[in-house]
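Novice: how does the following fold in three dimensions:
(one chain, ligands or ions: 1)
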Amino acid sequence: MKIICTKDYQSMCRVGANILSAQIILNPKSVLGLATGSTPLGVYNQLVDWYKKGDLDFSQIKSVNLDEYCGLSKNNKQSYYCYMYENFFKHINIDSNSTFIPNGMEKNVDSECQRYDSIVRKLGGVDYQLLGVGHNGHIGFNEPHTSFEKETHCVKLADKTIEANSRFFNSIKEVPTHAYTMGIKSIMKAKKILLLVSGESKAEILYEVLFGPIVPTVPASILQLHNDLTIIADKPALTVISEKFSGCKNPPSDAQNLLPT
Ligand SMILES: O=P(O)(O)OC[C@H]1O[C@](O)(CO)[C@@H](O)[C@@H]1O
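Specialist: Numbering: from 1, shown residues only. Predicted coordinates for the structure are as follows:
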């Protein structure tokens with residue numbers, strides 16, 4: 001894995017956008033795996049800016065999103081469909097037939113999961129997967145204890161996730177209790193993965209994710225086994241890692257450039 005340390009959220013997003021724009025320029029037919037939540041917003045803003053300046057072309061790009069709340073329609077402002085449209089898709093020249101998000105309104109769980117997995121397969125898999133991480137180590141909506149073997153499935157959201165995401169809703173009661181998510185197995189199949197982590201509140205979990213044991217209680221810990229993983233984290237998110245390894249005689253090689261000299 002490669003860990004890039006940036007001074008703050010803004011520069012994390014700029015570096016992230018640079019990595020994705022290199023992917024888009026070098027492989028204009030790429031399949032991008034996209035994430036929602038607060039973390040990638042700055043990356044989307046930056047990519048939109050560069051698109052508006054004429055530096056990027058999304059006309060042949062395809063995208064698959066990680067997840068969607070169950071029971072929220074495309075018109076619901078809190079749906080991830082709406083998030084993607086408002087924050088990214090409506091500002092760029094991506095073909096609306098080339099963007100895919102699980103259908104949160106589909107009640108037949110098996111058929112929706114199979115449909116989504118077959119879309120990803122038909123696209124030839126994800127070339128670059130963008131990820132954030134939840135405070136409990138979830139990626140997509142794969143909550144702690146989810147089997148590493150799952151592809152798209154329906155999950156019951158952890159109380160911690162419902163609480164964290166209630167900031168986007170009028171009240172915690174409005175937060176859906178279930179979601180469709182691509183599974184850990186689907187995420188690990190991506191050719192390249194870019195994990196973004198910002199803020200001190202994620203520092204403890206980032207240490208667990210990158211240097212703790214690989215266990216289903218910390219779903220993102222499986223990323224340690226991916227052979228093309230880049231992590232961009234800002235300084236506050238790296239505080240626990242540098243604390244744990246500073247003064248350590250043999251810090252893991254991946255942590256060495258994060259330590260004070
Ligand atoms: O970036 P946030 O808002 O902290 O959310 C963390 C993670 O939780 C999710 O919102 C759940 O899908 C992810 O998309 C995101 O990466």
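Novice: residue of the stretch 101-250 of the chain nearest the ligand, please.
Specialist: Proximity of the stretch 101-250 of the chain to the ligand (Cβ to the nearest ligand atom) peaks at Gly132, 2.4 Å away. All C-beta spots, glycine's among them, are computed from the backbone N, C-alpha and C.
Novice: these two touch, right, that residue and Leu41?
Specialist: No. Using Cβ atoms under 8 Å as the test, Gly132 is too far from Leu41 to be in contact (9.8 Å).
Novice: before we move on, the earlier item: just list the residues touching the residue of the stretch 101-250 of the chain closest to the ligand, thanks.
Specialist: Ala35, Gly37, Ser38, Thr39, Pro40, Ile139, Leu195, Leu196, Val197 (Cβ atoms under 8 Å, 6 or more residues apart in numbering).
Novice: residues of the stretch 1-150 of the chain that sit close to the ligand?
Specialist: Listed as neighbours of the ligand in the stretch 1-150 of the chain under the rule Cβ under 6 Å from any ligand atom: Ala35, Thr36, Gly37, Ser38, Thr39, Leu66, Asp67, Gly132, Val133, Gly134, Gly140, Phe141.
Novice: the helix or strand containing Cys113: what's the following helix or strand?
Specialist: Element membership of Cys113, judged by DSSP states H and E, is helix 109-122. Later in the chain than helix 109-122, the nearest helix or strand by DSSP H and E is strand 128-131.
Novice: count of residues packed around the spatially closest residue to Leu131 that is not a sequence neighbour?
Specialist: Closest residue to Leu131 apart from its sequence neighbours, by Cβ to Cβ, 6 or more residues apart in numbering: Leu195 at 4.7 Å. Close neighbours of Leu195, defined as other Cβ atoms under 10 Å, add up to 26.
Novice: residue nearest the centroid of this protein?
Specialist: Leu131 (2.0 Å; Cα atoms, centre = their mean).
Novice: need the contact list for that one.
Specialist: Contacts of Leu131 (Cβ under 8 Å, 6+ apart): Gly33, Ala35, Leu66, Ile139, Gly140, Ile187, Ile193, Leu194, Leu195, Leu196, Ala220, Leu223.
Novice: switch the cut-off to 7 Å
Specialist: Ala35, Ile139, Ile193, Leu194, Leu195 (Cβ atoms under 7 Å, 6 or more residues apart in numbering).
Novice: among the residues you listed, who's most crowded?
Specialist: Ile139 (30 neighbours).
Novice: quick one on the thing from earlier: per-residue confidence for the residue of the stretch 101-250 of the chain closest to the ligand?
Specialist: Predicted confidence (pLDDT) for Gly132: 98.
Novice: try Leu210
Specialist: As predicted, Leu210 sits at a pLDDT of 97.
Novice: next one: phi and psi at it?
Specialist: Note on Leu210: its backbone torsions stand at phi -90, psi -30 [degrees, to the nearest 10].
Novice: could you check how far it is from Asp110?
Specialist: According to Cβ to Cβ, to the nearest Å, Leu210 stands 35 Å off from Asp110.
Novice: neighbour-wise, which of those two wins?
Specialist: Neighbours per residue, other Cβ under 10 Å: of Leu210 and Asp110, the larger number sits with Leu210, 23 against 10.
Novice: give me the secondary structure label for Asp50.
Specialist: For the record, residue 50 is Trp, not Asp. helix (DSSP: H, G, I helix; E, B strand; the rest coil).
Novice: relative to Leu56, how far out is it?
Specialist: 5 Å.
Novice: mind listing the strands for this structure?
Specialist: In the chain, the strands defined using DSSP state E lie at 2-6, 31-34, 62-65, 67-69, 99-100, 128-131, 153-156, 178-181, 192-197, 229-234.
Novice: no more questions from me, cheers.
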